[in-house]
Every structure is written in structure tokens, then in C-alpha cells.
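K.L.:
give me the fold of what follows.
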Amino acid sequence: MTAPVKKVDVHAHILPGADDGARDIRQSRQMLREARRQGFRAVIATPHCQPWHRTAAQPQWIRSQCRELEAWARKTLHPEFCVYPGQEIFYTEDLLERLERGEVLPLGESRYVLIEFHPSAAYSTVYRAVRELSFGGYTPVLAHIERYGALRQEGRVAELYQAGGRMQMNYTSVSGHWYQADTRWCRRMLKERRIHFLGTDMHDMGGRKPDTEAACQWMEAHLPEDYISSLCWRNAEKILHDERVE
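P.N.:
Purely as a prediction, here's the structure:
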């Protein structure tokens with residue numbers, strides 16, 4: 001049996017009771033145990049921060065929960081397992097100011113920010129957000145870019161990269177069937193090296209559990225080893241060291 005590919009997760013809803021992810025600490029631990037089985041060495045916790053939910057987790061609470069989960073993981077799963085704080089932030093026009101005030105969290109205390117949009121968001125909205133955060137000294141990471149219809153037009157993903165954005169795709173979006181249009185688009189983006197990070201976007205142990213094995217099988221058959229390493233962990237480690245991801 002082939003050993004699982006080394007991985008660092010940049011998108012995971014593992015904090016208990018923080019959002020629509022883990023319901024309690026038991027489920028948090030189950031997800032981390034399964035993630036470790038699939039090769040994960042570290043996870044950035046990214047609870048939702050959305051304007052229509054006034055009870056979004058606060059930064060200090062997120063940091064505290066990450067420390068507690070990391071202590072458990074190091075005792076139970078691996079002595080060097082890490083859990084870092086972050087958020088998946090729904091873009092609003094005041095996001096830059098909120099980041100500067102410390103009201104919302106970038107990824108792993110870096111200058112990388114995981115942002116999401118409504119699936120029907122206009123391309124102009126996404127582009128403006130990327131430019132604004134880039135000029136503000138941050139690197140926007142677009143969460144699960146496969147969900148945004150506006151990015152399917154040829155050249156737009158490349159244009160967002162030139163504007164300073166970096167792209168995250170979910171593992172499960174790679175592992176569909178060749179005859180599915182969404183899967184074909186995702187795989188083409190990977191073959192063209194338009195994607196910088198893969199994430200589980202795990203929420204529970206049911207329909208949204210850590211699920212990377214089918215995607216890794218496809219990648220091992222179709223992508224070069226150095227790019228797979230970048231997707232699964234090298235670029236994520238650059239986030240954690242606040243280094244530039246090309």
C-alpha cells in the first residue's frame with residue numbers, strides 16, 4: 001500500500017461549535033484523526049466569518065481552541081502535529097480595515113487571507129477584492145474557486161493571479177468523473193498550474209469529511225511530483241512562514 005502524500009490543510013472547519021462544521025470536540029477529534037490517517041501533518045482551522053452571522057467566532061477564542069486541539073493531537077496523533085488559527089472570511093468592503101484592527105484572522109497569523117464570495121458574485125467584485133487586499137499588503141487566497149461561475153471565462157484565473165490572488169481548490173472537486181464539466185474544469189486548472197493550494201474544506205464525518213485519496217490518485221497519474229508537493233504542503237508551509245507563493 002502506497003504511503004499517503006504529505007499534506008497541510010489550509011481550509012478546515014474543525015473548531016467545535018464555531019460554525020456549520022464540527023458540532024463538538026468529539027467530532028473535531030474524529031476529523032483530525034482521519035486527516036492524520038490521510039497524511040496531514042498540520043491543519044489551519046478556518047471557521048466561517050460571514051456578515052449575516054453575528055455570532056462569528058472571535059480571534060482569541062479561535063486561537064485558544066487551536067491550542068487545545070493541537071495539544072490533544074500531539075499527544076494522540078503525532079508529537080509534531082500542528083493546528084493553526086485562521087478564518088474563511090466572506091468578502092465585504094470593510095475587510096481590509098477589519099484585518100488591520102485584528103477583528104478577523106488571516107491564515108496562521110500570516111499576511112495570507114482566505115476569502116470567499118457568493119457563487120454568483122460578479123467577476124468585477126472578485127477582481128476588486130483581490131486588488132484591494134493586495135494593495136493593502138495582504139495576499140488573498142480565494143477559497144474553493146471552483147464554485148465561482150464568473151471564473152470559468154478564459155483568462156480570468158490568470159488575471160486574478162497577476163493581480164495578487166492565489167487559488168485554493170477542494171480535493172473533492174478533483175475526484176469526480178471525466179464526463180462532468182466541473183471536474184474537467186478543475187483538472188484543467190491543475191494541469192495548467194493555476195491552483196496553489198488544495199484543501200479539504202472538512203465540516204464533519206458524514207458528507208463533508210476529509211476526503212483526499214481519490215484526488216491524490218488522479219494527481220499522481222497526471223501531474224508532476226513537484227507540483228503535487230506544492231499543492232499539498234509546500235505552498236501551505238510558505239503561508240505559515242509568510243513567504244511568497246509563486
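K.L.:
buried residues, the longest helix seen in the chain. List them.
P.N.:
Among the segments of the chain that qualify as a helix by DSSP state H, the longest is helix 59-76. Buried positions in helix 59-76, judged by neighbour count with 16 or more other C-beta atoms under 10 Å: 59, 62, 65-66, 69-70, 72-73. Any C-beta I mention is one placed from the backbone N, CA and C, and that applies to glycine too.
K.L.:
before we move on, what about stretch 221-241?
P.N.:
Buried residues in stretch 221-241, counted by 16+ other C-beta under 10 Å: 223, 228, 230-236, 238-240.
K.L.:
with stretch 171-183 instead?
P.N.:
Here stretch 171-183 shows 171-176, 183 as buried, counting by 16+ other C-beta under 10 Å.
K.L.:
so how far is Ala122 from the nearest residue in space to Gly199 that is not next to it in sequence?
P.N.:
Nearest non-adjacent residue to Gly199, counting by C-beta to C-beta, 6 or more residues apart in numbering: His11, 3.0 Å away. Using C-beta to C-beta, to the nearest Å, one obtains 23 Å as the distance from His11 to Ala122.
K.L.:
and those two? which has more neighbours close in?
P.N.:
His11 (27 against 13; other C-beta atoms under 10 Å).
K.L.:
the helix or strand encompassing that one packs against which elements?
P.N.:
Using DSSP states H and E, His11 sits in strand 7-12. Under the contact criterion of 3 or more C-beta pairs under 8 Å, 6 or more residues apart in numbering; DSSP states H and E, the helices and strands touching strand 7-12 comprise helix 25-37, strand 40-45, strand 166-170, strand 197-199, helix 235-240.
K.L.:
gap between the last one and the chain center?
P.N.:
The offset between the C-alpha centroid of helix 235-240 and the centroid of the whole chain comes to 11 Å, using C-alpha atoms, centre = their mean, to the nearest Å.
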